[in-house]
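**Q** here is a sequence with its predicted model. Questions after.
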Amino acid sequence: MGACDKFEKYIDKARDRPGFACGNYEVSYTLSDRVFRPVASSHKMQRDEPTTRRLRIFAVDPSASSREGKITTTSVPYEPLQPGPVGKLFEIENEDQKSGMSYPPPDLEERAVLTSSGYAPSDSNYRFHGQMVYATASIVHRSFRRALGRQIGWPFAPRDGVSRLRIRPFAGETQNAWYDPDLGTLNFGYFYAHEKPTDGTLPRGVVFTALSHDIVCHELSHAMLDALRANFALQTSNDMAGFHEGFADLIALFHHFLHRDALRAAIAKCRGNVRKSQYLSAIGQQFGRAGGSTSALRSAVNETLRYDEALPAHQMGELLMASVYDAFVAVYERKTAVIKRIATGGTGVLPDGDLPDPLVDALSKKASEIAEQFLTILIRAIDYLPPVDVRLGEYLRAIITADTTLVPDDPWNYREAFIDAFRLRGIYPRDVMSLNEDSLLWHPPRGDLEPIEKLSFREIWFAGDPGAPVTVGEQIAQACELGEYITTTPQRLKQFGLVEAGNEQLEGDAVTLPQIESVRTLRRVGPDGNTVFDTVAEILQTRKVRPRDGKPGFDIYGGSTVILDSQGNVGTVITKSVVGERRLDRRLEFLEGPDSRRFWKLENKRYVPRGTSPFMALCDREWKDDHA
């Protein structure tokens, strides 16, 4: 009997009961709805199919000059497409959500379109809008798949049996763009940069957020992060809200470096000093200016910004972006110093005037290589974060651990650059003796843990590749095996950062059963060809804090992220216990602060979610300049 058969008869019970019977005993854990959903997968290349599709996009905002490399031709992963375009992962809806008018859908399979790398970039060609969002979303999704070594399923339930993210380039007249996890949509508004005509005509001053490379990257990154860690949407602190924003900004920022023509124009203009290029160090230039500012929406060059728990979400996100960009610049300067010395006869001091083309090419190539490595590092670190309530200092630990695992040797001191950059911005992880690599690494749990045999690769039923999604039955089987393992004894629960009901540390509060959120196998390849096979799982638990001392009640979220090797050995457990030191005080401090009002409200002497998506709650300031 296989694992799928073994657990099939328990599926309905798992849906309906808080703890369900497995065999002849009660299992004290639950399974998330995500365990019962098939993982959406990108197109599997068939024989004689091309590997990529060439499409033109705006690499720089539409308001930029063509001399800045505004238009570029990019290669996106090939898949057969229906008009829309509609593929396996994305469905573009070409209807104006305000007027109800439907625009002709782009047909990227049409012969003339295929041979000319898609439709010509133009804000007046509505077919191009669909091409722009599809191509940019495909590139970002590919970056995540490559970094994580697996397919990434959407966090929302399939619609009509199909799991696609619906992208709306014409989401109505609004100065906003947002991700809606409830509807499974990315929404891009348009607005008038100047006074709106009274005769009903469209002025030249219409700004379409769907044509901004940065905005599309940013919003899709929200969706990707939500797909990887749905509980990051629980806004438990300014750090958590800021992390979502800063991470999405970073993905948009480093994708600038992947477009050769725009990158080369920017390197030539800033003479190799990447801090001085607004294109390379800032996002949303057109949107920032159209919104009344004289600069881009957010910048990674901010010398004065330092960590403070009270920073609002967008400033916290900008702090994260600035910290990582500082690290990038440090590595870039190290790796280009030799190039500059060769070009200047050993002085390293560039002469006045335009840089020679070979030097611009060499600097651009190196900047692109480093940016792609940073993208991979930043995305891969998501697997090494706690399942909820992330702090910026914990992201540093995740970066160092993830990179050390796959790239043990670090001759160019990438990890040192990250540590120095975060330290200079005042971002320190809790419970760390010192800011060195060894101290920052997440370590195995204390005490001996025998392997989880049923989660070894020899027991898992793969679909041919550890990076490919398994069947729903196999997902349930893996989740059950993990649930049984971690709930064996109270001591085992403690090793995984969990507590049993009635534990004295709960001080009389109720606590939910551990919930298995996801179990995913993966195959990651390092820059030296080193391949790592792992299983990453999330477990969540909620403490129901009762009203006390005149204060309202609220929830504290905890759990753990578990990383197993291919033999089923527990390698790393990243815990966030609901009874951790000062967790109750820190949570209440945030709930009583001004920034929590977007996400939480008082109801019957208890803080409860407002009922709207946290992404919608932030969208009023999603694309407005905080410093205008």
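**A** Alright, I've got the coordinates. Just so it is clear, the model here is predicted, and its values are computed rather than measured.
**Q** where along the stretch 151-300 of the chain do the helices fall?
**A** Using DSSP state H, counting those that start in this stretch, the helices of the stretch 151-300 of the chain run over 213-228, 238-255, 260-270, 278-281, 285-290.
**Q** how much does the first one deviate in direction from helix 238-255?
**A** Angle of helix 213-228 versus helix 238-255, following axes from the mean of the first three to the mean of the last three CA atoms, to 10 degrees, is 130 degrees.
**Q** output helix 213-228 as CSV, restricted to C-alpha atoms.
**A** Presented in CSV, the C-alpha positions along helix 213-228 are these (Å, rounded to 0.1, in the frame of the first residue of the first chain):
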residue,chain,number,x,y,z
HIS,A,213,8.1,47.6,-15.0
ASP,A,214,8.7,48.4,-11.3
ILE,A,215,5.0,48.3,-10.3
VAL,A,216,4.3,45.0,-12.1
CYS,A,217,7.4,43.4,-10.5
HIS,A,218,6.5,44.8,-7.1
GLU,A,219,2.8,43.6,-7.1
LEU,A,220,3.7,40.1,-8.5
SER,A,221,6.3,39.8,-5.7
HIS,A,222,3.6,40.4,-3.2
ALA,A,223,1.6,37.5,-4.8
MET,A,224,4.7,35.3,-4.9
LEU,A,225,5.6,35.9,-1.3
ASP,A,226,1.9,35.2,-0.3
ALA,A,227,2.1,32.0,-2.3
LEU,A,228,5.3,30.9,-0.4
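**Q** which helices and strands sit right next to it?
**A** helix 126-148, strand 177-180, strand 185-188, helix 238-255 (3 or more CB pairs under 8 Å, 6 or more residues apart in numbering; DSSP states H and E). Where you see a C-beta, it was placed from the backbone N, CA and C, and this is true even at glycine.
**Q** could you check the angle helix 260-270 makes with that helix?
**A** Angle of helix 213-228 versus helix 260-270, following the same axes, to 10 degrees, is 120 degrees.
**Q** quick check, residue 210 in contact with residue 128.
**A** No. Contact criterion CB atoms under 8 Å: residue 210 and residue 128 do not qualify, at 9.7 Å.
**Q** ok, back up a step: nearest to residue 28, out of the helices of the stretch 151-300 of the chain?
**A** The minimum distance between residue 28 and the helices of the stretch 151-300 of the chain falls on helix 213-228, with 26.7 Å, by CB to CB.
**Q** average model confidence for that closest one?
**A** Regarding helix 213-228, the rounded mean pLDDT is 95.
**Q** circling back to that earlier point, of all the helices and strands packed on helix 213-228, which one is nearest residue 599?
**A** Comparing the helices and strands packed on helix 213-228 by their distance to residue 599 (CB to CB), the top pick is helix 238-255, with 7.8 Å.
**Q** how about that closest one as CSV, C-alpha atoms only?
**A** In CSV, the C-alpha atoms belonging to helix 238-255 read as follows (Å, rounded to 0.1, in the frame of the first residue of the first chain):
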residue,chain,number,x,y,z
ASN,A,238,5.8,47.2,11.6
ASP,A,239,8.7,44.8,10.7
MET,A,240,6.3,42.3,9.2
ALA,A,241,4.4,44.9,7.1
GLY,A,242,7.7,46.5,6.1
PHE,A,243,9.3,43.3,5.1
HIS,A,244,6.5,42.5,2.6
GLU,A,245,6.9,46.0,1.1
GLY,A,246,10.7,46.0,1.2
PHE,A,247,11.0,42.6,-0.3
ALA,A,248,8.7,43.4,-3.2
ASP,A,249,10.7,46.6,-3.8
LEU,A,250,14.0,44.7,-3.9
ILE,A,251,12.7,42.2,-6.4
ALA,A,252,11.7,45.1,-8.7
LEU,A,253,15.0,46.9,-8.1
PHE,A,254,17.3,44.0,-9.0
HIS,A,255,15.3,43.1,-12.1
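**Q** on that earlier part again, just send the helices of the stretch 151-300 of the chain back as JSON lines, with mean neighbour count and distance to residue 598 too.
**A** Shown next, in JSON lines, are those (neighbours: other CB atoms under 10 Å; distance: least, CB to CB, whole Å):
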{"stretch": "helix 213-228", "mean neighbour count": "26", "distance to residue 598": "15"}
{"stretch": "helix 238-255", "mean neighbour count": "26", "distance to residue 598": "8"}
{"stretch": "helix 260-270", "mean neighbour count": "22", "distance to residue 598": "35"}
{"stretch": "helix 278-281", "mean neighbour count": "22", "distance to residue 598": "28"}
{"stretch": "helix 285-290", "mean neighbour count": "22", "distance to residue 598": "21"}
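**Q** lowest average pLDDT across these?
**A** helix 285-290 (a mean of 61).
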